[in-house]
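Chemist: Build me a model:
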Amino acid sequence: MPPKPKSPAKGKKGKLSKAEKERLKKEEAERKLQEEEEARLKAEQEERERLERERLEREERERIEAAESQRHCAEVAELKSILEGNKNALYNMHEQRRSKAKWDRYMQCSGSPDPTIAPEINTYINLWKEDTQKSGIDVVLEESKQTLALIAELEFLIEDMPEEKCDESMVERYRETIVELQNLLTIKLDEATCILLKDASSMADSETGNLQLVKSNPVINMMLWGNLTKNPRFKSFEFEEQHFIFELPKQLALTDIAIRIIHTKYDHFSHLCRTFWPKKKKKPQTPPEEDVHGMEEKMDEGQGAAGESEEKEDGEKEGGEEEVEEKAEEPTEEKENTEDKGDENGEGAETSATQKEGEPGEGDGDAVVEEEDEEDEDELDDLDDEDTVDMRAYQVLGGVVHFDLLCLPPQPKQVKSWLMTQVTMDELKRVPYAADSNKLGLSLSGNMTMTMGQTLDPKAVANAAAAAEALGAPPVGVTLKLPDNVLFSEEPQMAYWSHDRKQWRLDGFVDVKFDEESRMLSFKTVNFGPLACIQDKHINMPFQSWELRPIGADHARFTIIAAIIEAEIEIKGPLCCFKQTADSDFRSELDAIRGKWMEPRELIKVLKNTGVNLFPEDDSKKYVSISEKDPDVENGLYQQMALTASHFAYSWSKWNTESGTERIILQGCEKLEDDIPLDRKEEWALLMVSRERAMKLKMTEYEEEFSDVHAEGSQFHADLYHMVNDLSTEPGLERMRNSHYRFVDAVYQMLAATRVIAYS
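Modeler: Got it, this is the predicted structure:
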């Protein structure tokens, strides 16, 4: 084959001339200049567009703010008028109710004294105290119903007293009367017990030969056992119907003793604790303007004169402070002396003076504020040691069990036809057990103080019991059944009442066991006297989520998913009803209150006593991690949510915890029908409320980052109420306008009591 011709491209490249190089260089420079010019023009265009966009947004925002400013005063005035109208209607309704109750009380012909009238209640107390014919146990139990009713009436009057009419002296007198009635009931129970023990042999059981007696009424259940036979082989005794068992050591089985168990559904001890009341302090008072001007004039007189004046003023201040301290200490000393006298009447008797230290004053208003920096230090002073129960953090559940070791008086003897009885004092004598000594208490408790849910080492229990027995006072075994209508969310913790220290304490209990199925609680202790089970008040806090959903006109459902329980509270008109959500675990302990309609204040009290505490107190934030909010904004939001609860639903938002203290974020949407299964995510809008304004946000609950940009087409409003009006349809607005003020108040009470915005 002939060779292929060479391609011209593969030939030797010709060199560019100088002119061509200059031309190419010039073209490259022109191209770069053109690109730079195009980039500059594009940047200028983008900048013009950005500025135009910002101008439009600024004008839109200014327009909205101008419109908001015009509406703000009108909206604030309108909301204030609505709230004032509801407040006045409630006030008039409650005043009429109080007047009617007062008249009905005056016209009552039952023979019951009026506890608010000092001569009547004093006459009642003195007559029953001096009447020896009314000391029988059956009479005492019957009369106790009236005494407890009088105590409940006074407690209700204190709670029901309006702030604007609160009379501190009257409240103090009511509380003193309550304590006197409590003491009277304890004294009469002791007298009745003494009468029974003096004639124990005539009531001895035919099989065991010992006294075995049970007397009860709906509130008090008394069990009495007397050791008449002194059988050395005696180990334990069981009150079968009452599900109470006690085991006595041999030392006690051979002595003249009696065991009295009184189980009361009430607790007359906790309010005597120093830690029961929240800490309060008075605001520092600013000196009058005249004093300030006087001090300035003295300062102008000269340095020496000013120095003398300052020394004089300092001395007067110090003297004044000392006088104030002395005056403050005098009532405390008198109170303690009175309490000691009350204890002489019986170990179960409460004091006749009220607990004034740390007690929240009724109607103090702005004169008191919560302590912050010094509050924790003051609480540590109130807690003597780690075994002292902090009543701000714990509550007594299931009533109080009085477990008393008593002296069995000499019994009548039959000699031929004569019945010989040794004359003794008509006084119930308690047998001091060696547990009163610090040495024994330390040997039994040691480092084994039980905390909630903790289990003790069996070896430690055995060693402690052996040490106690070596000291001559082995622990007494107790087994009891917890009430069926009280919910214990964790293993119950035992405490005993120390009369000397006026506090519940944890030491002295070992080998604590709880069978959840049978609800039987067993333990060993060297403590005689009042015993109780305690539970953490804040065990259900913080809440996981919440929702307020309308069901119909003046009808709503309030759901709280708490840490342990899922509660559902139905609100209809002025009444509330507790239920459990369909998905929650069924608890038989709540059968007694489930489905029963009552007023909000009564329902809150019943739920607390049942063990369902969803109601934080003013200082609960020290025990629970919360999303703290501006209290005025938070309370105002509850009022406005209540106003719109007939047609607008609200729910918890995850963004609320990240919005700071000044802003509150929640979800909301109009709901005219109860259509939970038909809920759509896009229906729910994010609402942000602050002290200045309320608005609908552009973002949704399910976005990853928070943005406070308001939704397009929405307006700023002065408050949540008017923002909801802007988001509602005419049928919804019509239902809201027809909402009854008592329904609005019931919703507000539940929201304010649970504080779901801060505690979720």
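Chemist: Count the neighbours of the residue nearest to S627 when sequence neighbours are not counted for me.
Modeler: Leaving aside its sequence neighbours, S627 sits nearest to T657 (CB to CB, 6 or more residues apart in numbering; 4.5 Å). Where C-beta positions appear, they are placed from N, C-alpha and C, glycine not excepted. T657 sits with 15 neighbouring residues when counted by other CB atoms under 10 Å.
Chemist: Over to K42?
Modeler: That count, for K42 with other CB under 10 Å as the rule, works out to 10.
Chemist: Just confirm it is within a helix.
Modeler: Yes: membership of K42 in a helix is supported by DSSP: H, G, I helix; E, B strand; the rest coil.
Chemist: Model confidence score at it, please.
Modeler: pLDDT for K42: 87.
Chemist: So it versus T193, what's the distance?
Modeler: K42 sits 99 Å away from T193, going by CB to CB, to the nearest Å.
Chemist: which one is W655 nearest to, not counting chain neighbours?
Modeler: Of all residues beyond its chain neighbours, the one nearest W655 is I665 (4.7 Å), with distances taken as CB to CB, 6+ apart.
Chemist: Just the element for the one you found, please.
Modeler: Using DSSP states H and E, the element containing I665 is strand 664-670.
Chemist: That strand: partners in the sheet, and parallel or antiparallel?
Modeler: Strand pairing for strand 664-670, using DSSP bridges, gives strand 648-651 (antiparallel), strand 685-689 (antiparallel).
Chemist: Just the CA trace of the first one, in CSV.
Modeler: Output in CSV follows, covering the C-alpha atoms of strand 648-651 (Å, rounded to 0.1, in the frame of the first residue of the first chain):
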residue,chain,number,x,y,z
PHE,A,648,-61.0,27.3,70.1
ALA,A,649,-58.6,24.5,71.0
TYR,A,650,-55.1,25.0,72.5
SER,A,651,-52.2,22.6,72.8
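Chemist: Now do the contacts for S625.
Modeler: Applying CB atoms under 8 Å, 6 or more residues apart in numbering to S625 gives the contacts P542.
Chemist: Need the phi and psi values for it.
Modeler: Main-chain dihedrals, S625, degrees, to the nearest 10: phi -80, psi 120.
Chemist: Can we start the residue count at 100 from this point?
Modeler: Understood, numbering begins at 100; the last thing we discussed is S724.
Chemist: For it, give its distance to Y858.
Modeler: Separation of S724 from Y858 (CB to CB): 9 Å.
Chemist: cool, I220 as well?
Modeler: Noted for I220: a distance of 40 Å to Y858, by CB to CB.
Chemist: can you put the strands paired with strand 763-769 in TSV and add distance to F333 and mean neighbour count?
Modeler: Putting the strands paired with strand 763-769 into TSV (distance: least, CB to CB, whole Å; neighbours: other CB atoms under 10 Å) gives the following:
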stretch	distance to F333	mean neighbour count
strand 747-750	62	24
strand 784-788	69	23
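Chemist: Can you say which of these is nearest to E126?
Modeler: strand 784-788 (58.3 Å; CB to CB).
Chemist: and the next helix or strand after that closest one, what does it pack onto?
Modeler: Counting by DSSP H and E, the element after strand 784-788 in chain order, helix or strand, is strand 793-795. The contact analysis (3 or more CB pairs under 8 Å, 6 or more residues apart in numbering; DSSP states H and E) places strand 793-795 against strand 784-788, helix 819-826.
Chemist: Turn these into TSV, including mean pLDDT.
Modeler: Output for these, formatted as TSV (pLDDT from 0 to 100):
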stretch	mean pLDDT
strand 784-788	93
helix 819-826	92
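Chemist: Grab the longest strand from the protein for me.
Modeler: strand 493-506 (DSSP state E).
Chemist: export it as PDB, just CAs?
Modeler: The C-alpha trace of strand 493-506 is given here as PDB (Å, rounded to 0.1, in the frame of the first residue of the first chain):
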ATOM      1  CA  TYR A 493     -43.900  15.900 100.200                       C
ATOM      2  CA  GLN A 494     -47.400  15.300 101.300                       C
ATOM      3  CA  VAL A 495     -49.200  12.900 103.700                       C
ATOM      4  CA  LEU A 496     -51.400  10.400 101.900                       C
ATOM      5  CA  GLY A 497     -54.000   8.000 103.200                       C
ATOM      6  CA  GLY A 498     -54.500   9.800 106.600                       C
ATOM      7  CA  VAL A 499     -52.700   9.200 109.800                       C
ATOM      8  CA  VAL A 500     -52.300   6.000 111.900                       C
ATOM      9  CA  HIS A 501     -51.900   6.600 115.600                       C
ATOM     10  CA  PHE A 502     -49.900   3.600 116.900                       C
ATOM     11  CA  ASP A 503     -49.900   4.100 120.700                       C
ATOM     12  CA  LEU A 504     -48.300   2.000 123.400                       C
ATOM     13  CA  LEU A 505     -50.500   2.500 126.500                       C
ATOM     14  CA  CYS A 506     -50.400   1.500 130.200                       C
END
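Chemist: picking up where we left off before, need the strands paired with strand 763-769 in CSV with distance to D731, can you?
Modeler: Shown next, in CSV, are the strands paired with strand 763-769 (distance: least, CB to CB, whole Å):
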stretch, distance to D731
strand 747-750, 19
strand 784-788, 12
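Chemist: among the ones you listed, which is nearest K125?
Modeler: Nearest of the strands paired with strand 763-769 (CB to CB): strand 784-788, 61.0 Å.
Chemist: Please tell me how far that closest one is from the chain's geometric centre.
Modeler: 29 Å (CA atoms, centre = their mean, to the nearest Å).
Chemist: and the angle for it with helix 819-826?
Modeler: Counting by axes from the mean of the first three to the mean of the last three CA atoms, to 10 degrees, strand 784-788 lies at 150 degrees to helix 819-826.
Chemist: Tell me which of I220 and Y858 has more neighbours.
Modeler: Set I220 next to Y858 and count neighbours by other CB under 10 Å: Y858 wins out with 24 against 20.
Chemist: Can you verify the more buried one is assigned to a strand?
Modeler: No: the assignment for Y858, made by three-state DSSP, is coil rather than a strand.
Chemist: Enumerate every residue touching it.
Modeler: Here Y858 is in contact with M640, P641, F642, P715, S719, V723, I725, S726 (criterion: CB under 8 Å, 6+ apart).
Chemist: Give me the buried subset of those.
Modeler: M640, P641, F642, P715, S719, V723, I725, S726 (16 or more other CB atoms under 10 Å).
Chemist: from these, which two are the most distant?
Modeler: S719 and S726 (13.2 Å).
Chemist: Contacts for whichever strand or helix holds L351 next, please.
Modeler: In this assignment (DSSP H and E), L351 forms part of helix 349-352. Helix 349-352 has contacts (CB under 8 Å, 6+ apart) with N326, K329, N330, P331, F333, K334, L504, G571, A572, P573, V575.
Chemist: beta partners for the last one?
Modeler: Meaning V575. T624.
Chemist: Tell me the pLDDT of it.
Modeler: pLDDT recorded at V575 is 93.
Chemist: And for it, the neighbour number?
Modeler: So V575, with other CB under 10 Å, has 21 neighbours.
Chemist: Hmm, N639 and S719 touching each other?
Modeler: No: the criterion here is CB atoms under 8 Å, and S719 misses it with N639 at 11.3 Å.
Chemist: still on that earlier bit, sort out which one of the buried ones among the contacts of Y858 lies nearest R197 for me.
Modeler: The closest of these to R197 turns out to be P715 (CB to CB; 28.7 Å).
Chemist: Quick check: that closest one touching F642?
Modeler: No: checked against CB under 8 Å, the pair P715 and F642 is beyond contact range at 9.8 Å.
Chemist: Closest one of the buried ones among the contacts of Y858 to R693?
Modeler: Using CB to CB, those come closest to R693 at F642, 20.0 Å.
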